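Visitor: Here is a sequence with its predicted model. Questions after.
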Amino acid sequence: GHGGKDPGAVSSNNVLEKDITLLIAKELQRTLRDTEGYQAVLIRNDDSTVSLNDRYQNARKYGADAFVSIHADGFRLASVKGASVFIWSEESSSSVARNLSDKERRRIQAQIKNIKSYDFNEDAARDLYPNTYKKKVDQSKILGTKILDQLKRDPYTKIHKQNVEYADFRVLKSVDIPSVLVESGFITNPEDAKRLKTKAGRRMIARSIFLGIHNYFREMPVSGSLLEDYSNYLNYQIQPGDVLSEIAIRFGVTVESINKINNIENKSIYPGQVIKINI
């Protein structure tokens, strides 16, 4: 989320939402990139400005099977903290979701006017293809729930809302792509800001999103994909600088389980080597 001239939320010590979200996204991209069966595309890979319309329209251009928007929100009360997961709806599910929706609407009025005549109109498509849209909403709820379930298992991440929330976020409006927005925490809360400033804290958010995505595609596999006939093992390719302890953290498993499955205890690993991860 955010980027370029749009910093997003700002903490009391000038931690910017746009920086935190990009670091989390790159951590998630790395795991997906090096895991067989997945391909990750970043809507932005640097500090650039990308409009909300371009975000979901680019997801369509890339043929995305799922869309995840990563954020770290702010609030006027420093006591508000914790992660949440949202899917799109015209009606907000809580006062917090309503406030976020209202803030979003004010921010995007100019961008809505910039939709070109040749762009695919997601708003009109909801009325033209109601069954397709209902399927997308149902799939988004499953994806959001899978990610939220993993966030709840993270001992370092507090949860702001225990159920998937609904809000009018334009970035989630693709009529047929399961789409969720993950609030990794409130950077206006000192505890959340401290967690998200660390690589370890951001890695745990990325891990929860990855495992949620993986569990979603286990339940809703794309036709012809590796997960259509999943055997409980993922193939991960070792990258330069990788160590087993960090790989184990990235996938939420133990070093011992990796050693046992791959018969590599007391052996060196090397870049390009493919190991199995049992999740």
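Guide: Noted; the coordinates are in hand. Numbering: from 1, shown residues only.

Visitor: The strand or helix carrying Leu234 - contacts with which helices or strands?
Guide: Assigned by DSSP states H and E, Leu234 falls within strand 233-237. Applying 3 or more CB pairs under 8 Å, 6 or more residues apart in numbering; DSSP states H and E, one finds that strand 233-237 makes contact with helix 244-251, strand 274-278. Placement of C-beta: from N, CA and C, glycine included.

Visitor: just the ones you listed: most buried one?
Guide: Stretch with highest mean neighbour count among the helices and strands packed on strand 233-237: helix 244-251 (a mean of 17; mean count of other CB atoms under 10 Å).

Visitor: who's the closest residue to Lys152 other than its chain neighbours bridged to?
Guide: Using CB to CB, 6 or more residues apart in numbering and skipping residues adjacent in sequence, the residue nearest Lys152 is Ile159, 5.7 Å away. As for beta bridges, Ile159 partners with Ala83 under DSSP bridges.

Visitor: Would you check that Ile159 makes contact with Ser84?
Guide: Yes: using CB atoms under 8 Å, Ile159 is in contact with Ser84, at 7.5 Å.

Visitor: neighbour count winner among these two?
Guide: Ser84 (27 against 16; other CB atoms under 10 Å).

Visitor: Number of residues surrounding Lys267?
Guide: 9.

Visitor: Just read off the phi/psi values of the closest residue to Thr188 other than its chain neighbours.
Guide: Distances taken as CB to CB, 6+ apart put Gly74 closest to Thr188, at 4.1 Å, once the chain neighbours are dropped. Gly74 has phi and psi values of phi -130, psi 160 when expressed as degrees, to the nearest 10.

Visitor: show me what contacts Gly74?
Guide: Listed by CB atoms under 8 Å, 6 or more residues apart in numbering, the contact set of Gly74 reads Gly8, Ala9, Val10, Ser11, Glu17, Phe186, Ile187, Thr188.

Visitor: beta partners for the third one?
Guide: According to DSSP bridges, Leu16 are recorded as the beta-bridge partners of Val10.

Visitor: on that earlier part again, shared neighbours of Ile159 and Ser84, which are they?
Guide: Leu148.

Visitor: burial of Tyr270, as a residue count?
Guide: Tyr270 has 9 nearby residues by other CB under 10 Å.

Visitor: And the pLDDT for it?
Guide: For Tyr270, the model assigns a pLDDT of 97.

Visitor: For it, which non-adjacent residue is spatially closest?
Guide: Tyr270 sits nearest to Ile238 (CB to CB, 6+ apart), 6.4 Å away.

Visitor: Could you double-check that that neighbour sits in contact with Pro271?
Guide: Yes: the criterion here is CB under 8 Å, and Ile238 meets it with Pro271 at 5.5 Å.

Visitor: about what we covered before: any figure for the gap between the residue nearest to Thr188 and Phe186?
Guide: Remark: distance between Gly74 and Phe186 (CB to CB, to the nearest Å) = 6 Å.

Visitor: hey, what's in contact with both of these two?
Guide: Ala9.

Visitor: Keeping just the C-alphas, turn the helix or strand hosting Asn215 into PDB.
Guide: Remark: Asn215 resides in helix 199-219, with elements defined by DSSP H and E. Output of helix 199-219 as PDB, limited to C-alpha atoms (Å, rounded to 0.1, in the frame of the first residue of the first chain):
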ATOM      1  CA  LYS A 199      12.900  -7.500  10.300                       C
ATOM      2  CA  ALA A 200      11.700 -10.200  12.700                       C
ATOM      3  CA  GLY A 201       8.400  -8.500  13.200                       C
ATOM      4  CA  ARG A 202       7.800  -7.900   9.500                       C
ATOM      5  CA  ARG A 203       8.900 -11.500   8.700                       C
ATOM      6  CA  MET A 204       6.200 -12.900  11.000                       C
ATOM      7  CA  ILE A 205       3.500 -10.800   9.200                       C
ATOM      8  CA  ALA A 206       4.800 -12.100   5.800                       C
ATOM      9  CA  ARG A 207       4.900 -15.600   7.100                       C
ATOM     10  CA  SER A 208       1.200 -15.400   8.200                       C
ATOM     11  CA  ILE A 209       0.200 -14.000   4.900                       C
ATOM     12  CA  PHE A 210       2.100 -16.700   3.000                       C
ATOM     13  CA  LEU A 211       0.700 -19.600   5.000                       C
ATOM     14  CA  GLY A 212      -2.800 -18.100   4.700                       C
ATOM     15  CA  ILE A 213      -2.300 -17.900   0.900                       C
ATOM     16  CA  HIS A 214      -1.000 -21.500   0.800                       C
ATOM     17  CA  ASN A 215      -3.900 -22.800   2.900                       C
ATOM     18  CA  TYR A 216      -6.300 -21.000   0.700                       C
ATOM     19  CA  PHE A 217      -4.900 -22.600  -2.500                       C
ATOM     20  CA  ARG A 218      -4.900 -26.000  -0.800                       C
ATOM     21  CA  GLU A 219      -8.600 -25.600  -0.300                       C
END
